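1. structure for the following, please:
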Amino acid sequence: MSNSDNYESVVTSASQDIAKFDDHRKGALGHFQHMLHMTPSLVPLIVLVASIIIFGIAIGSNFFSAYALTLILQQVQIVGVLAAAQSLVVLTAGIDLSVGAIAVFTSVLMGQFTFRYGIPAPISILLGVSIGTAIGAISGWLVSRVKLPPFIVTLGMWQIVLAANYLYSANETIRAQDIATNAPSLQFLGNTFKLGGATMTLGVVMMVVIVAALAYYLRATAWGRHVYAVGDDPEAAKLAGVNVHRTLMSVYMLVGLICGLAGWAMIGRYGSISPSATTGMMGNIQSITAVVIGGISLFGGRGSILGAFFGALIVGVFELGLRMAGADAQWTYLLIGILIIGAVSVDQWIRKVAM
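-> Now for the predicted structure:
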């Protein structure tokens, strides 16, 4: 046997030994870790199913009723839409602190355009969504072209939009009765329909459609691959031919558009239009909470919209379950806080697969 044959035999044997060692080192836990790395939405799905089962056992059959389960969907429809928007920014390794404020502001614009200026409600809705898109475009330009950190840009935008909201509306609330009588199109997403034994709203349908559409485009299109690439490593993405500026602009503009739709859904959900709606303050935190619990990495480039959707549902299950159990509302915050820390810890553990 020649020296070269000897060398190849030794290398092959060593490679096989290393492969066997790696397989042995992985074991069942390693394979489970790898599976979670490949399917990030699996973790929140497991938590969601476990939460439903636990609360169902603790509370009884009432928790498994069609009414209770559809109530969860109705309660999370605004947060679910905002979480879908937030997910896009987090996937690019950013964060958007203005999503809740934009949603409230666009809802106020829709109402004021209709009642102050007499613009037909459908056109007011389009104008509100368009202005939401324009606000997103401004944030995207500052992040992409001026190279400002997304946290700083959206923190500033949150304050600007909240101030504009109060100044423009003069803190005036438009009553549900006036909307129902004079501009029912504004409350369109609050309309209900029967699905089996459940009562659903069109706002829930819109949430599901948005989540499904984003999940498809992120998974099956070049745009989706570009979003993940920019979040993973923008410099490498640029060298690979990805137009980073265009991708970031499209993400932030789409986020603004989705926030505008969330503003429309808010009117349907609550009936009235109020510039002081809690979504302006809490929507940002709730959307980030859903995204983190949903397994989307805050470092960007990994996760799925479905995970954020499951994260929003988990929060809804905890809120309704604890309320039906008669527990203090503070327990909800405590358990969700534990979930957030746990989700980030799991994300760090899963990321070790790629190291």
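2. need the residue closest to the centroid of this structure.
-> Nearest to the geometric centre of the chain sits residue 83, at 2.0 Å (CA atoms, centre = their mean).
3. look up how far residue 146 lies from that one.
-> Distance, residue 83 to residue 146, by CB to CB, to the nearest Å: 27 Å. The C-beta positions use only the backbone N, C-alpha and C, and glycine is treated the same way.
4. where exactly do the helices run in the stretch 1-150 of the chain?
-> Applying DSSP state H, counting those that start in this stretch to the stretch 1-150 of the chain gives helices spanning 3-38, 42-59, 66-91, 99-117, 121-144, 150-169.
5. want to try JSON lines for the ones you listed, with distance to residue 278 and mean pLDDT as columns?
-> Converted to JSON lines, the helices of the stretch 1-150 of the chain look like this (distance: least, CB to CB, whole Å; pLDDT from 0 to 100):
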{"stretch": "helix 3-38", "distance to residue 278": "34", "mean pLDDT": "55"}
{"stretch": "helix 42-59", "distance to residue 278": "24", "mean pLDDT": "86"}
{"stretch": "helix 66-91", "distance to residue 278": "10", "mean pLDDT": "91"}
{"stretch": "helix 99-117", "distance to residue 278": "9", "mean pLDDT": "96"}
{"stretch": "helix 121-144", "distance to residue 278": "19", "mean pLDDT": "98"}
{"stretch": "helix 150-169", "distance to residue 278": "12", "mean pLDDT": "95"}
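6. may I have stretch 64-74 as PDB, with CA atoms only?
-> Backbone C-alpha positions of stretch 64-74 (Å, rounded to 0.1, in the frame of the first residue of the first chain) are rendered in PDB as follows:
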ATOM      1  CA  PHE A  64     -62.400  24.200  26.600                       C
ATOM      2  CA  SER A  65     -65.700  25.700  25.500                       C
ATOM      3  CA  ALA A  66     -66.000  27.400  22.100                       C
ATOM      4  CA  TYR A  67     -66.900  30.600  23.900                       C
ATOM      5  CA  ALA A  68     -63.700  30.700  26.000                       C
ATOM      6  CA  LEU A  69     -61.400  29.700  23.200                       C
ATOM      7  CA  THR A  70     -62.900  32.300  20.700                       C
ATOM      8  CA  LEU A  71     -62.800  34.900  23.500                       C
ATOM      9  CA  ILE A  72     -59.000  34.400  23.600                       C
ATOM     10  CA  LEU A  73     -58.700  35.000  19.900                       C
ATOM     11  CA  GLN A  74     -60.900  38.200  20.200                       C
END
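7. buried ones in that stretch?
-> Across stretch 64-74, burial judged by 16 or more other CB atoms under 10 Å covers 68-74.
8. quick check, nearest of these to residue 195?
-> Closest approach to residue 195 among those (CB to CB): residue 70, at 8.1 Å.
9. excluding chain neighbours, what is closest to that closest one?
-> Distances taken as CB to CB, 6 or more residues apart in numbering put residue 198 closest to residue 70, at 4.2 Å, once the chain neighbours are dropped.
10. quick check on the one you found: phi, psi?
-> With angles defined as degrees, to the nearest 10, residue 198 sits at phi -100, psi 150.
11. give me the distance between residue 66 and residue 245.
-> Relative to residue 245, residue 66 is positioned 47 Å away (CB to CB).
12. the residue nearest to residue 70 is in contact with residue 67, isn't it?
-> Yes - in terms of CB atoms under 8 Å, residue 198 counts as a neighbour of residue 67; the distance is 7.4 Å.
13. now the common contact residues for these two.
-> Shared contacts of residue 198 and residue 67 (CB atoms under 8 Å, 6 or more residues apart in numbering): none.
14. that older thread, which one of the buried residues of stretch 64-74 sits closest to residue 109?
-> For these, the minimum distance to residue 109 (CB to CB) is 24.3 Å, reached by residue 74.
15. residues in contact with the closest one?
-> Taking CB under 8 Å, 6+ apart as the criterion, residue 74 is in contact with 200-201, 203-204, 269.
16. swap in 7 Å and give it another go.
-> Contact analysis of residue 74 by CB atoms under 7 Å, 6 or more residues apart in numbering lists 201, 204.
17. list the contacts of residue 265.
-> Contacts of residue 265 by CB under 7 Å, 6+ apart are 77-78, 81, 189, 203, 206.
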